[in-house]
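> need a structure here:
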Amino acid sequence: MALMGLAANAQTWTPISQHVTGTDFLTGETVSTQEIMVDSGKALLIDYSATWCSWCWVMHQNGVLEAVQESLGDQVQVIWVEADPSTTNPAEITGTGSTRGDWTNGGTVPYPIINDYNFTNITGGTSSVDGYPTVVFISSTGYWCSVYGTDWGFGPYSGSEAVTAITNLIANSPKPGDLMGIKCPAVGKINQPVTFIADYIPIEGATAEWTFQGGNPATATGDTVTSTFDVVGTYNVTLNLTSDAGSYTKNATITIMPYAYYMDFEDETECDNWTYIDADGDGRNWSLGYLRGQGAGHDGSNGLIGSASTYRNSSGQWVALTPDNWFFTDAIELPDNDNLTLTWFEKGQDGTYFAEKYRVYVATAPTIDAATEIGHYTTTKNWVKRAIPLGDYKGQTVYLGFRHYGSTDMFYLDIDDIAVSLEAVVGINSVSDITMSVYPNPASDKLSVKAEGLRQVDILDIAGRVVATSTTNTVDLTGISNGSYIVRVVTNEGTAIDRLSIVK
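Next up is the predicted model:
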């Protein structure tokens, strides 16, 4: 039981995205998370399952959800959700069709059954579902964490610990005045204000005080503040929150890059003004945050944007697609800079079916007719960095467009870390078929390189002199001064070059 308490305290809590409503499959009554959490003060335990999922069925057969509902029903409301968007036959819930059995137990389960994957919007949509099943606990104060696994008693286990685990979670849930963290981007743009938000459970009389290393201003007070950084580098941010509940401190870091635009897809709301066009009319388009939470993005991040060239239907069969899917960013005001360079990372998600095709555009409006092609590519099975000069568009307001097209029966095209750099990116476009990833950037004491058939890595200064070299995927940067450098990666397929900033 000590392990249960430790696990409860160590959970990563995420604020809910919104309250949702659904219809109970059994009773026809409306299920409102706001009424349950806000009006009744209860927590939620939601099981995101799929009727075809064998592990979901094993957990269902264990009776774990019934145990929690019957033992803790005065504090927790259990809800079962059919969360797979491709499941469209309601009869599967009662045992007919492509299903493991009757998920209602003949209509006797003591909790609501929701046949609507949109119910996942409370935790961020289907992108918050790491797999089937995903079981989440949501505190009455509006924060959630995943609880599926042996430590919680949810899964193909005995399930006897589940009630104790959830009891501990209730006792250790976020309370008013608790400081959950700092909301800010991982990467900021040089000489442009960065917004920082104090993420805490609301309580009257709270005071948030900030300190920004290298920022202007260097200090600030308030729940939402901004600071500007005029030098490329990685900086510390400290937040002190004081209230009647106590005093708490959280720290974060932000990396300032020489960017005019940057999108890492970690915060999907930053894409709210983007334009998506399903030109082939098949009802499917780009998906934000596909595989979120599984470290599927570039360098192990969680956010990305993807478009499919195949999908699995409600019968579990794979169906080929021939996509013509477009997205346009929001408007980008490009500075008057000759070195402007568009960079991004691409990947074909499946290790066997990875040859996805796509085109890249600059547009004067977020429409197909206003778009001018500036590049076309075919993906490999690993993350590859691409770059295109944008100096011809300096001083203009543009939209960046990506079109997934000409691919049939592959799997998924993934795009991540779209940036417009204020510095020229040397050599990437001419050797764009080289699979290479260089991180972190900026770096301090060590640089890591991912490249197939790696033979040698050289670090060159701006005069072209080699200041460090390695024949492994790690380069020791000890003794190299702060500044801008070039990374030259030699592989069996050729040579690739990228920019590197060293900040210590």
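
> make it CA atoms for all contacts and neighbour counts henceforth
Will do.

> adjacent strands (with direction) for the strand or helix carrying residue 347?
Residue 347 belongs to strand 341-348 when elements are defined using DSSP states H and E. The strands beside strand 341-348 in its sheet (DSSP bridges) come out as strand 384-389 (antiparallel), strand 412-421 (antiparallel).

> from the chain's centre, how far out does the longest one sit?
Right, strand 412-421. With Cα atoms, centre = their mean, to the nearest Å as the basis, strand 412-421 stands 13 Å off its chain's centre.

> going forward, count from 37.
OK, 37 is where the count begins now, so the last one is strand 448-457.

> which positions in the next helix-or-strand element following it come out as buried?
Sequence-wise, the next helix or strand beyond strand 448-457 is strand 472-475, with elements assigned using DSSP H and E. Buried residues in strand 472-475, defined by neighbour count with 16 or more other Cα atoms under 10 Å: 472, 473, 474.

> next structured bit after the strand holding residue 383?
Of the helices and strands lying after strand 377-384 in sequence (DSSP H and E), the nearest is strand 393-399.

> relative to strand 420-425, how tilted is that following strand?
Strand 393-399 runs at 30 degrees relative to strand 420-425, counting by axes from the mean of the first three to the mean of the last three Cα atoms, to 10 degrees.

> for strand 393-399, name the packing helices and strands.
Secondary-structure packing of strand 393-399 (3 or more Cα pairs under 8 Å, 6 or more residues apart in numbering; DSSP states H and E): strand 407-414, strand 433-440.

> so which of these gets nearest residue 60?
Taking Cα to Cα, strand 433-440 is the member of the helices and strands packed on strand 393-399 nearest to residue 60, at 38.3 Å.

> what residue lies at the spatial centre of this protein?
Nearest to the geometric centre of the chain sits residue 339, at 2.5 Å (Cα atoms, centre = their mean).

> what residues does stretch 293-308 touch?
The contact list for stretch 293-308 (Cα atoms under 8 Å, 6 or more residues apart in numbering) reads 223-226, 268-269, 324-325, 337-341, 365-366, 368, 370-371, 452-459.

> show the average pLDDT along it.
Here stretch 293-308 scores 88 as its mean pLDDT.

> ok, stretch 88-105 next?
92.

> go on, stretch 176-192?
Stretch 176-192 carries an average pLDDT of 88.

> which residues in the stretch 37-186 of the chain form strands?
50-51, 57-59, 66-68, 79-85, 112-118, 149-150, 170-174, 179-182 (DSSP state E, counting those that start in this stretch).

> and residue 480, which of the ones you listed is closest to it?
Among those, strand 50-51 comes nearest to residue 480, with 30.4 Å by Cα to Cα.

> ok, the closest one: who's next to it in the sheet?
According to DSSP bridges, strand 50-51 forms sheet pairs with strand 179-182 (antiparallel).

> off-centre distance for the strand it pairs with?
Remark: strand 179-182 is offset 16 Å from the chain centroid, using Cα atoms, centre = their mean.

> what does that strand contact?
Residues outside strand 179-182 that contact it (Cα under 8 Å, 6+ apart): 47-52, 159, 170-174, 210.

> for the stretch 237-386 of the chain, which residues score under the pLDDT cut-off?
Residues of the stretch 237-386 of the chain that meet the criterion pLDDT under 70 lie in 326-331, 350-352.

> now do the strands in it.
243-248, 255-257, 260-263, 269-279, 282-293, 295-299, 311-314, 323-324, 341-344, 346-348, 354-356, 361-364, 368-369, 377-384.

> out of those, the one nearest residue 56 is which?
Here strand 323-324 is closest among these (Cα to Cα), at 19.7 Å.

> okay, the contacts of strand 179-182 in a markdown table with distance to residue 384 and neighbour count next?
Listed next are the contacts of strand 179-182 as a markdown table, based on distance: Cα to Cα, whole Å; neighbours: other Cα atoms under 10 Å:
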| residue | distance to residue 384 | neighbour count |
| --- | --- | --- |
| 47 | 32 | 15 |
| 48 | 30 | 11 |
| 49 | 31 | 19 |
| 50 | 29 | 17 |
| 51 | 31 | 19 |
| 52 | 31 | 17 |
| 159 | 27 | 23 |
| 170 | 26 | 21 |
| 171 | 29 | 23 |
| 172 | 30 | 19 |
| 173 | 34 | 24 |
| 174 | 34 | 27 |
| 210 | 39 | 21 |
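
> of these, closest to residue 188?
For the contacts of strand 179-182, the nearest to residue 188 is residue 171 (9.9 Å; Cα to Cα).

> so who does the closest residue in space to the closest one that isn't next to it in sequence touch?
Of all residues not flanking residue 171 in the chain, residue 83 sits nearest, at 4.5 Å (Cα to Cα, 6 or more residues apart in numbering). Applying Cα under 8 Å, 6+ apart to residue 83 gives the contacts 114, 115, 116, 117, 169, 170, 171, 172.

> before we move on, the earlier item: want to try a markdown table for the contacts of strand 179-182, with distance to residue 385 as columns?
Listed next are the contacts of strand 179-182 as a markdown table, based on distance: Cα to Cα, whole Å:
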| residue | distance to residue 385 |
| --- | --- |
| 47 | 29 |
| 48 | 27 |
| 49 | 28 |
| 50 | 27 |
| 51 | 29 |
| 52 | 28 |
| 159 | 24 |
| 170 | 22 |
| 171 | 26 |
| 172 | 27 |
| 173 | 30 |
| 174 | 31 |
| 210 | 37 |
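
> closest to residue 483 out of those?
residue 48 (28.6 Å).

> how close does the closest one get to residue 164?
13 Å (Cα to Cα, to the nearest Å).

> now residue 346
Residue 346 is 21 Å from residue 164, by Cα to Cα.

> same deal with residue 91?
Residue 91 sits 18 Å away from residue 164 when distances are taken as Cα to Cα.

> any chance of the strands of the stretch 237-386 of the chain in CSV, plus distance to residue 533 and mean neighbour count?
Formatted as CSV, the strands of the stretch 237-386 of the chain follow (distance: least, Cα to Cα, whole Å; neighbours: other Cα atoms under 10 Å):
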stretch, distance to residue 533, mean neighbour count
strand 243-248, 33, 20
strand 255-257, 39, 16
strand 260-263, 33, 18
strand 269-279, 21, 20
strand 282-293, 18, 17
strand 295-299, 19, 20
strand 311-314, 33, 17
strand 323-324, 30, 18
strand 341-344, 25, 24
strand 346-348, 34, 16
strand 354-356, 37, 14
strand 361-364, 28, 24
strand 368-369, 27, 14
strand 377-384, 13, 23
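
> fine by me, thanks again.
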